[in-house]
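>>> Dropping a prediction and its sequence here:
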Amino acid sequence: MRIVSIALSKKKGTRKRQVKRAAVVENHGIEGDAHAGSWHRQISFLDIAQIEKCRSAGLEVSFGDFAENIATESID
């Protein structure tokens, strides 16, 4: 497995922006991310294959467009 992107947003309902690094807080999520907190969706993962599938269908999408915090490659 490889992490290809880390993204966060300050407000819910907005596009997440890529960052070079982030701090993960136990039982909270990614520090500074709007979705962090005491609930079921503290950190969101998405495999890059799903992003590439949308791109091949003609959509102009990038990392963070699917509200994912971490985009991965080859996660089983």
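Thanks, I have it.

>>> which residue packs closest to Ala34, ignoring adjacent ones?
With C-beta to C-beta, 6 or more residues apart in numbering as the criterion, Ala34 has its nearest non-adjacent residue at 4.5 Å, and that residue is Lys12. For glycine as for every other residue, the C-beta is placed from the backbone atoms N, C-alpha and C.

>>> What separation is there between that neighbour and Ile75?
Per C-beta to C-beta, to the nearest Å, Lys12 is found 25 Å from Ile75.

>>> Those two: which is more packed in?
Neighbours were counted for Lys12 and for Ile75 using other C-beta atoms under 10 Å; Ile75 has more, 13 against 9.

>>> residues touching the more buried one, list them.
Neighbouring residues of Ile75 by C-beta atoms under 8 Å, 6 or more residues apart in numbering: Met1, Phe45, Asp47.

>>> Might one say that the first one is in contact with Ser74?
Meaning Met1. Yes. Met1 sits in contact with Ser74 when judged by C-beta atoms under 8 Å, with a separation of 5.6 Å.

>>> separation between Val4 and Glu31?
Computed as C-beta to C-beta, the Val4 to Glu31 distance reads 20 Å.

>>> in this structure, what spans have low per-residue confidence?
76 (pLDDT under 70).

>>> which residues in it form helices?
48-56 (DSSP state H).

>>> Around Asp33, how many other residues sit close by?
Asp33: 24 surrounding residues under other C-beta under 10 Å.

>>> What's the local residue count around the closest residue to it other than its chain neighbours?
Spatial nearest neighbour of Asp33, chain neighbours left out: Leu8 (4.0 Å); criterion: C-beta to C-beta, 6+ apart. By other C-beta under 10 Å, the residues close to Leu8 number 21.

>>> Tell me the bridge partners for Leu8.
Legend: beta-bridge partners of Leu8 under DSSP bridges are Arg17.

>>> got the contact list for Gln42?
So Gln42 contacts Asn27, His28, Gly29, Ile30, His35, Ala36 (C-beta under 8 Å, 6+ apart).

>>> Noted, bye for now.
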